[in-house]
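> Sharing a model that was predicted from the sequence below.
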Amino acid sequence: MSTNKTRVANAFRAMKAIGISEDKVKPVLKSLLKLYDKEWDLIEEENYRALADAIFEKEETEVEDAMQEEAQATEEPVRPLKRLRRKYQDGQTSSLNRSNAVVTRLPLVKPKEEPDELPETHLVKLNGSKGNVDSPEPTAVKSQAVARQSLCKNKGKQPISPKALVIHERGDHSQPSGISRSQQNTQLGTEPISPSYPMRLRDRRKVSDSPQNPSREKRPVPESSSHVVICKEPNVEPGIVKSPNQKTAASHALITPKDEPVTDDMPLVEEVAPIAVILPDPSNGGDSSNRDVTVRNDNDPEPSIQQSASHPKIADDVATSPNEPTNNGKVAMISGECSSNIEIASSPSGEVKIHLSCDLALGRPDFHMPSLEVVLESVDRNCLKQYKNLDPSFSAINLMKEMCQSFLRLGTESNRELPETMDAATPTTDLLNKSSAEDALRARGQCFNSLNESLDIQSNGKVPLPIEPVSSPHCNGIDDGSQPNKMAGGDEGGISRQEQENCAEQTNNLSLVVTKKPLVVTPEMIRSLHDVVDIAKGQEKVIITLMNDVNDELLPPFYYIPQNAFFQNANVNFSLARLGKKSWCTCPEDCLSSAIPCACAHEAGGKYAYTSDGLVKEEFLKVCISMNRDPKNQFQFFCKECPLERSKCEDIIEPCKGHLMRKFIKECWWKCGCNKLCGNRVVQRGISHNLQVFMTPDGKGWGLRTLEDLPEGAFVCEYVGEVLTNAELFDRVLRSPKRNKYSYPVLLDADWSAKGVMKDEDALCLDATYYGNVSRFINHQCYDANLVEIPVEVETPDRHYYRLAFFTTREVKAMEELTWDYGIDFDDHEHPMKPFSCQCGSKFCRNIRRHSKC
Ligand SMILES: C[S@@+](CC[C@H](N)C(=O)[O-])C[C@H]1O[C@@H](n2cnc3c(N)ncnc32)[C@H](O)[C@@H]1O
């Protein structure tokens, strides 16, 4: 049993938690105790709701009194009374004289412009900010606000529904209990909607309404308290952020649904649905008259929210059936000066979706859709520039508008700026020039997360082509939230076969349906679009585009990773601490510019491997090329017990077939004194040339090509994948023989013999089948490939792990396919990878020679 003192303290604490100071609580608590005859339970119930309500009520009354006083002191002091009188003379009913009603229906006042009508559908357009109220206002106020505002904009077609305002009353009060003075005034329809207190009643209730206190209507309500007004309409705005500006009446528009069928047995406040609050544009002094706000409820003929496969509950809530009497989900639309539309949709569970569409570029033939990434970057840049000191004019609306502007600006600029070759390489151009975004999406093998959502991709005045998405959370990195360095278990990498099959099946179902329905862009869709635009998903410095103008084949599902990830058993230690003094340099800036080659040049025979242009030096390159072309004539190591052979068969271990003693490039690393721009750091900076994954026309499947001319010795990309032990790889390949098609793992076998008997966990290889970068698309070319792989030490001097980097063997022209010689022996039937029938077309093709020999 708590003492009174404790109870008082608890009450203070509870109020403090919602931002009410003790001095405000004290007097109200006193009067409540008096009113409830010291029945503390009534006060403590529902997390002190009665107390909170009473405090707000008091505040509200004070504010309104002050305002009334002010109004009376300044302009027309008698007008309110006159209006009151006129209203009664008109024979209109007020809740004030229907005190005993269980349900009181308050008629709306019809403005002169629209004497008899309201919009036909549930679509209510709001224009202007006058009369806005804060959300905590009881619905009676809100409904009226909406009605009044809607009439300014919407030349309504529907009679005003008397149902628009319903107040449930409790108890036997002679006054409509709980209707505050301001509300009464508002109900009479003669006053501007009174200003409301910031984030008041319902907002705070949101805080205090815990699931443990669900039965609000059972609570006895003190007569004097205003919170007994229970509204039919939704009062809670999950996810809506309120600004302090909302204190003032003109600071925002409040959107509430209308035309709901109302019955006495309808759920009360507990059934609240969210509404949308559109914050003002402070740049125009809080005047929202340049915006249209549309509220659409569930029964609209054009539902903006469709069922989401991944959130059926939410979708159900948002898109209720037309017969459903409750109004659980809302969509609000803002049109900014005929240039942009923002749809804000919310569901009772608190999910809020924002859909922005802009027509600034409408009718401009020079508009090309810029990539989303570029737009976002531009928005960030501009906002940072403009708002870095948090300019008072900052607002989300401005942000959205800036986004529209960026689309327009970049969309029109990109046309002029892109060179001809790049035009073909621009992701959206690629996607959209293919007559539809569908092809590109199909090629990408996208799996959207929602079943019925569609996405507008517009370009060159073409009809927007919504894509009917299919669902699978794990395809092509759609659900790749994390890319752990150490891969989780699983025999076949991170994507199960079932997932792959699902994905393939679903992506095959992609089809285009032209629809006029408004579209809601979900984060998943934005992300998917981003994937289509850039298969590297922004993880490389350049955008990796995708093109298939050959067939309908989809990109195999895989997760894009820009750097190697380590699978279960691979044992790689990066120990910079263990690096000997000779392994790192003390150059002050750029090693290449130092007069005497530093320690890092030691590896390449006292010379740096790179030119100052970042190209592999010709001499070094030639050695690497010839090593790869003719490995048998190179110096090779032979292991005592080859881990490669051991992984094939533990019992009878075949003799080692030899490992090439490769030439290495050693780049400067973190421990070096030079800076990031040092010329001896090339591979570690990542891909820098524009590349494209494309469907080869000659039966090799997907391939990689360059979109720009490349000089000889240029770094193209690294072979990135999962680092596995050979045993793991062997096991993996045996388990999934059908998947060999998509990838060709490589051995990291540079230094195996040096350690005598190599342990399994040190004998490593790279597999890009499930996790990889662009290199997984590089096809094989016998002998005269235009890429050569060179091992590069970047993090560790332990040569059983290194990075494998591809450099051009010669000058490569834009649009040429990039190839490397897998070193494949087409006669080796013991190789875990089944050899493919080579289509390289080289006159040195080893596969052809083998065929011709037979
Ligand atoms: C590393 S992947 C290259 C990307 C692959 N083309 C794709 O569509 O995903 C290796 C696979 O590509 C195919 N491939 C690569 N080079 C080829 C060639 N010269 N001729 C025929 N198929 C080739 C083989 O199926 C091989 O297993």
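Looks like it came in fine.

> Could I get the contacting residues of the single nearest residue of the stretch 551-700 of the chain relative to the ligand?
Of the stretch 551-700 of the chain, the residue with the smallest distance to the ligand, taken as Cβ to the nearest ligand atom, is K700 at 4.1 Å. C-beta coordinates here come from the backbone N, C-alpha and C atoms, glycine included. Residues near K700 by Cβ atoms under 8 Å, 6 or more residues apart in numbering: 779, 839-840.

> try it again with 7 Å
Residues near K700 by Cβ atoms under 7 Å, 6 or more residues apart in numbering: 779, 839.

> which SS state does it fall under?
coil (DSSP: H, G, I helix; E, B strand; the rest coil).

> Surely N10 is in a helix?
Yes. Note on N10: a helix contains this position according to three-state DSSP.

> How is P791 assigned, secondary-structure-wise?
Counting by three-state DSSP, the three-state call for P791 is strand.

> In which helix or strand does M400 reside?
Under the assignment given by DSSP states H and E, the secondary-structure element containing M400 is helix 396-417.

> What residues does this structure have near the ligand?
Neighbours of the ligand within the chain, by Cβ under 6 Å from any ligand atom: 556, 700-703, 740-744, 776-777, 779-780, 836, 838-840.

> filter those to the buried ones?
In the residues of the chain next to the ligand, burial by neighbour count holds for 556, 700-703, 740, 742-744, 776-777, 779-780, 836, 838-840, counting by 16 or more other Cβ atoms under 10 Å.

> Which ones among those map onto strands?
When strands are assigned by DSSP state E, the members of these inside them are 702-703, 779-780.

> just these now: which is nearest L660?
Within the set of those, H780 lies nearest L660; the separation is 17.5 Å, counting by Cβ to Cβ.

> any idea of the mean pLDDT in the longest helix along the chain?
Ranked by residue count, the top helix of the chain under DSSP state H comes out as helix 40-73. In this model, helix 40-73 carries a mean pLDDT of 80.

> Run through the residues that contact C624.
Contacts here follow Cβ under 7 Å, 6+ apart; on that basis C624 touches 663, 788, 790.

> Make JSON lines from those residues and add pLDDT and neighbour count to it.
JSON lines is the format used below for these (pLDDT from 0 to 100; neighbours: other Cβ atoms under 10 Å):
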{"residue": "K663", "pLDDT": "88", "neighbour count": "18"}
{"residue": "V788", "pLDDT": "97", "neighbour count": "23"}
{"residue": "I790", "pLDDT": "96", "neighbour count": "27"}
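
> Dump those residues into TSV; add distance to N382 as well.
Supplementary listing: these in TSV, determined by distance: Cβ to Cβ, whole Å:
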residue	distance to N382
K663	48
V788	44
I790	42
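
> mind checking the backbone torsions on A595?
Torsion angles at A595 (phi, psi; degrees, to the nearest 10) stand at phi -60, psi -40.

> likewise L546?
Geometry field for L546 lists phi and psi as phi -130, psi 140, criterion degrees, to the nearest 10.

> Could you double-check that it sits in contact with M695?
No. Using Cβ atoms under 7 Å, L546 makes no contact with M695, being 9.1 Å away.

> related to what we said a few turns ago, and which of the contacts of C624 is nearest Y771?
When the contacts of C624 are compared for distance to Y771 (Cβ to Cβ), I790 wins out at 22.3 Å.

> so the closest residue in space to the closest one that isn't next to it in sequence, which of the three states?
Beyond its immediate neighbours in the sequence, the residue positioned closest to I790 (Cβ to Cβ, 6 or more residues apart in numbering) is C624, lying 5.0 Å away. At C624 the chain is in helix, as set by three-state DSSP.

> ok, now the one 4 residues further on?
Under three-state DSSP, the three-state class of N628 is helix.

> my guess is it contacts A785, does it?
No. Using Cβ under 7 Å, N628 is not in contact with A785; the gap is 8.5 Å.

> Please identify which of these two sits among more neighbours.
Taking N628 and A785 together and counting by other Cβ atoms under 10 Å, A785 has the greater number of neighbours (27 against 21).

> more crowded one of L546 and M695?
Looking at L546 and M695 with other Cβ under 10 Å, you find the greater number of neighbours at L546, namely 25 against 18.

> Setting the sequence-adjacent residues aside, check what's closest to that one.
Counting by Cβ to Cβ, 6+ apart, V693 is the residue found nearest to L546 once chain neighbours are left out, at 5.1 Å.

> what does S21 give?
M15 (7.8 Å).

> Would you enumerate the residues in contact with the one you found?
Contacts were defined as Cβ under 7 Å, 6+ apart; by that measure M15 touches 25, 48, 51-52.

> gap between it and the ligand?
64 Å (Cβ to the nearest ligand atom, to the nearest Å).

> May I ask you to confirm that that residue belongs to a helix?
Yes. With three-state DSSP as the criterion, M15 is located in a helix.

> Which residue ranges of the stretch 751-854 of the chain form helices?
Secondary structure of the stretch 751-854 of the chain, counting by DSSP state H, counting those that start in this stretch: helices at 846-853.
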